[in-house]
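Student: mind folding the following:
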Amino acid sequence: MRWALVKVCLAVTAMVVVAFAVPLGLVVQEMASDRAFSNAERQAATIGPTLSITTDPVQLRKAVESTQMGAARRMAVHVPAIGDAAPVEIGTGRAGAHAVEETRRMGRAMTASLAGGGSALLQPTALGSGDIAVVEIFVPESEVSNGVATAWVVLAGVGLALVVGSVAVADRLGARLVRPAERLADAAHQLGEGRLGTRVPEEGPKELRSAAVAFNSMADQVVDLLANERELAADLSHRLRTPLTVLRLNTASLGDGPAAEQTRAAVEQLEREVDTIIRTAREQRAPAATAGGAGCDASEVIRDRMAFWSALAEDEGREVRLAGVDRTVRIPVARPELAAALDALLGNVFRHTPEGTPFAVDVHDAGDAVIVLVSDAGAGIADPDAALRRGNDGGRDGSTGLGLDIVRRVAESTGGDVRIGRSMLGGTEVRVWIALDGRARGGSGAVRTRRRRKRRGSS
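Tutor: Now for the predicted structure:
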């Protein structure tokens, strides 16, 4: 589209330049020719008074040589035979005798082209005797075309400047039209890839501004729909998985017997059904990204969820340590997503460690990132990488794979990640790295902080 506009403008400007420059050049050429012959006529008229007085060759020669054209050997005087006197030729004549006789016969000025180049102006002049003498002025070709070449060069330069200027203007106008369209197409691709924060600047021509407004409105609706879906999934996780975990742990205290076994089997069956529902909802959900401007106070969310889990921890005799939540820590993660991630981590602690095992939750503000540590004093994880892979694919029986995957998606949506290592309590430590507004992406501060994190994970 951009090059099409440039080509159209180039063609139109070229036609306009040709339509005006060529006639103007021809006019300049004609004016130069008229100027040269008008000057020749004036020079021929200077010898007229002398011819009206005398036809004496000596006097005529002196009069001719005293003129500008005569001194330049560009004037000739053709006097016919008067009475018994012979014809007189003064100066160097270049026009043929036939042209001279034709001028004398017609009684008006004529122009004759010369074989050697240039032209001759033949001007008839009346003598005192009534006869007609002819004054010949040689007009060289250089005088006829004087200034014409310069005029053509100037016109060509002006025409070229107009063409270049029009192309530049057309290119700028084309870019003004094309760039909003390219941004709109690129934003559509990004939205299709799951980057829900993508928006288009509402600028450009009226039609493209309307398209940008419609696209942004559609993207907002998509974000709202996916946010509602994530909210429902998070609510399902909170409402079903957490009570099921508590119920499953409580069935362990029922002892042996048919009723106890039936209860445990029923709980396991219910948990598998819930896992199937959550896995199906997860597979049908499009990739989600944290909406622009979403965020929460990590300390407040962690305190709230710990209040829930502390009751169960007290029943099981678990010691709980909570640190770093005494001040506000803002993170670019929606509250439901952080709560779902924390519930997944704490649910794993209760599910995979024996009763009475202590655990801790620590929050560290690293300046360009917030680190959430969930650690326990259990047996630990023999293969952390495999655990992360299982968390990603949900391949274990009795597991949706949603737990660590929820945590990973929350961290990676901000530019962070999740690491599993050995905790200071002796068991597992899950380290959730949450970048603040993407500032930890590739910067020098991020490199230093990640190195500190790696050293801590290896200790």
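
Student: contacts, neighbours, all on C-alpha from now
Tutor: OK.

Student: how near is residue 258 to residue 264?
Tutor: 10 Å (C-alpha to C-alpha, to the nearest Å).

Student: sorry, slip of the keys, the one I care about is residue 411.
Tutor: Remark: distance between residue 411 and residue 264 (C-alpha to C-alpha) = 35 Å.

Student: so which of those two has more stuff around it?
Tutor: residue 411 (22 against 19; other C-alpha atoms under 10 Å).

Student: who are the neighbours in contact with that one?
Tutor: Counting by C-alpha atoms under 8 Å, 6 or more residues apart in numbering, residue 411 touches 417-418, 432-435.

Student: try it again with 7 Å
Tutor: Counting by C-alpha atoms under 7 Å, 6 or more residues apart in numbering, residue 411 touches 417-418, 432-434.

Student: any regions of the stretch 351-459 of the chain where pLDDT drops low?
Tutor: Within the stretch 351-459 of the chain, the stretches with pLDDT under 70 are 389-403, 437-459.

Student: can you pull out the helices in it?
Tutor: Ranges of helices in the stretch 351-459 of the chain, per DSSP state H, counting those that start in this stretch, are 384-393, 402-412, 444-458.

Student: look up how far residue 372 lies from the closest residue to residue 353 other than its chain neighbours.
Tutor: Nearest non-adjacent residue to residue 353, counting by C-alpha to C-alpha, 6 or more residues apart in numbering: residue 378, 5.5 Å away. Remark: distance between residue 378 and residue 372 (C-alpha to C-alpha) = 19 Å.

Student: which parts of the stretch 51-200 of the chain are helices?
Tutor: So, for the stretch 51-200 of the chain - with DSSP H, counting those that start in this stretch - the helices run 57-65, 68-71, 97-106, 141-144, 148-192.

Student: quick one, which of those is nearest to residue 21?
Tutor: For residue 21, the closest of the helices of the stretch 51-200 of the chain is helix 148-192, at 6.1 Å, according to C-alpha to C-alpha.

Student: now do that closest one: distance to the chain's middle.
Tutor: On the basis of C-alpha atoms, centre = their mean, to the nearest Å, helix 148-192 is displaced by 15 Å from the centre of the chain it belongs to.

Student: same deal with stretch 301-320?
Tutor: Between the centre of stretch 301-320 and the centre of its chain there are 53 Å (C-alpha atoms, centre = their mean).

Student: next: stretch 295-315.
Tutor: Chain-centre distance of stretch 295-315: 47 Å, with C-alpha atoms, centre = their mean.

Student: output that stretch as CSV, nothing but the C-alphas.
Tutor: Listed next in CSV are the C-alpha coordinates belonging to stretch 295-315 (Å, rounded to 0.1, in the frame of the first residue of the first chain):
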residue,chain,number,x,y,z
GLY,A,295,-1.6,-6.5,41.2
CYS,A,296,-2.0,-7.1,44.9
ASP,A,297,-0.2,-6.9,48.2
ALA,A,298,1.6,-10.2,48.6
SER,A,299,1.9,-9.8,52.3
GLU,A,300,-1.8,-9.4,52.8
VAL,A,301,-2.7,-12.4,50.6
ILE,A,302,-0.1,-14.6,52.3
ARG,A,303,-1.4,-13.7,55.8
ASP,A,304,-4.9,-14.4,54.7
ARG,A,305,-4.1,-17.9,53.3
MET,A,306,-1.9,-18.7,56.2
ALA,A,307,-4.8,-18.0,58.6
PHE,A,308,-6.7,-20.7,56.7
TRP,A,309,-4.0,-23.3,56.7
SER,A,310,-2.9,-22.6,60.3
ALA,A,311,-6.0,-24.2,61.7
LEU,A,312,-5.2,-27.5,59.9
ALA,A,313,-1.6,-27.2,60.8
GLU,A,314,-2.6,-26.8,64.5
ASP,A,315,-4.7,-30.0,64.3
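
Student: buried residues of that stretch, list them for me.
Tutor: 295-302, 305-306, 309, 313 (16 or more other C-alpha atoms under 10 Å).

Student: and if you look at stretch 184-198?
Tutor: Going by neighbour count (16+ other C-alpha under 10 Å), the buried part of stretch 184-198 is 184, 187-188, 191, 195-198.

Student: surely the residue nearest to residue 353 meets residue 357?
Tutor: Yes: here residue 378 reaches residue 357: they are 6.3 Å apart, a contact under C-alpha atoms under 7 Å.

Student: so which helix or strand of the chain has the lowest pLDDT on average?
Tutor: Least confident helix or strand, the chain: helix 444-458 with a mean of 40, by mean pLDDT, DSSP states H and E.

Student: I figured residue 174 hits residue 7, correct?
Tutor: No: contact criterion C-alpha under 7 Å: residue 174 and residue 7 do not qualify, at 10.9 Å.

Student: which residue is most remote from the mean position of this protein?
Tutor: residue 84 (95.4 Å; C-alpha atoms, centre = their mean).

Student: quick one: pLDDT of the most centrally placed residue in the chain?
Tutor: Central residue of the chain (C-alpha atoms, centre = their mean): residue 179, 5.6 Å from the mean position. At residue 179, the pLDDT value in this model is 79.
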